[in-house]
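# I need the structure of the sequence given here:
(2 chains)
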There are 2 protein chains.
Amino acid sequence: MITRDEIVSFATMFDPQPFHLDEEAAKVSLFKGLAASGIHTFGASVRLLLESTFYLANGLISTGGEIQWKKPVRPGDVLRLRIEISDVVTDPDSDRGIVTLKVETLNQNGEVVQTFTPRIVAFKKSRNGVPASQGAS
Amino acid sequence: MITRDEIVSFATMFDPQPFHLDEEAAKVSLFKGLAASGIHTFGASVRLLLESTFYLANGLISTGGEIQWKKPVRPGDVLRLRIEISDVVTDPDSDRGIVTLKVETLNQNGEVVQTFTPRIVAFKKSRNGVPASQGAS
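Numbering: from 1, shown residues only, chains lettered A, B, ... in the order given. As a prediction, the model looks like this:
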């Protein structure tokens, strides 16, 4: 769950705008109430992705992707992910490929609040020499 | 400046992978040394954008964009931005338009570590009725 205090504390560090900091100021904003910074939603989603069943040897390293913020995240919201592998590109001449995901972040009402389509580096072997499909410790 | 402690503390909350937490583990990773989480670089860049001369009445609210991580951000790195307005789309039937930026984040060596192309909501009038071009308090 994302709490009011977490929203304010994150925004104070990285996105100190009134609609992320103060209920009264947020009421007259486009958000019509306190809303988490999009970067906060992004970070919370990455945390959930790392805790998910999607796993790659050597960890999840992304070169980037398209992010879309669809709906505000409110104090008390409980987020979860819907993850789809949308593309896998391998290069026979390289030690790695790129896996593209479609990661949707949903709130407790099943509404999609964010989508992100990260391109993730996938190695053919883990960096300690064990084939990646056998997993790394 | 981004410090080692900030890198570890951010990663502990949102991106707890060995190469963001521990120097020794990071050495044998793709990053070849401790590196900030991309989300951390993203947040630090948003903070710099808010402190920049780019200003919109009602604040900066983005619907999303393409993010690319180009190079690792290391402990001690000092980041700055290069901001370009790449597109402005207005709709005569709407109270708002979309301004697209190209935001490059550079380190102290002038290397681009991240690019982000946010689409930002721009209102024709500020929400307290003053034309947006006159600014809001």
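
# interface residues of chain A facing chain B?
Within chain A, the positions lying close to chain B (CB under 8 Å from any CB of the partner chain) are A:13-19, A:28-31, A:37-39, A:42-44, A:46-47, A:50, A:58-69, A:121, A:127-128. To be clear about C-beta, it is placed using only N, CA and C from the backbone, and glycine gets the same treatment.

# Show me what the lengthiest helix in chain A is packed up against.
Secondary structure of chain A per DSSP state H: the longest helix is helix A:38-50. Counting contacts by 3 or more CB pairs under 8 Å, 6 or more residues apart in numbering or on different chains; DSSP states H and E, helix A:38-50 packs against helix A:4-14, strand A:62-69, strand A:80-90, strand A:96-106, strand A:112-116, helix B:4-14, helix B:38-50.

# Give the pairing partners of the second one; include direction for each.
Meaning strand A:62-69. strand A:112-116 (antiparallel), strand A:119-123 (antiparallel), strand B:62-69 (antiparallel) (DSSP bridges).

# Indicate which one of the ones you listed is closest to A:E84.
strand A:112-116 (10.4 Å; CB to CB).

# How about residues contacting that closest one?
A:38, A:41-42, A:45, A:65-73, A:77, A:79, A:101-107 (CB atoms under 8 Å, 6 or more residues apart in numbering or on different chains).

# Secondary structure class of A:F54, three-state.
coil (DSSP: H, G, I helix; E, B strand; the rest coil).

# Excluding covalently adjacent residues, which one is nearest to it?
Leaving out its chain neighbours, the residue that sits closest to A:F54 by CB to CB, 6 or more residues apart in numbering or on different chains is A:I83, at 5.5 Å.

# Run a quick neighbour tally on the one you found.
14 (other CB atoms under 10 Å in any protein chain shown).

# now A:K70
Neighbour number of A:K70 under other CB under 10 Å is 15.

# ok now do it, which residues does it touch?
Here A:K70 is in contact with A:E111, A:V112, A:V113, A:Q114, A:T115 (CB under 8 Å, 6+ apart).
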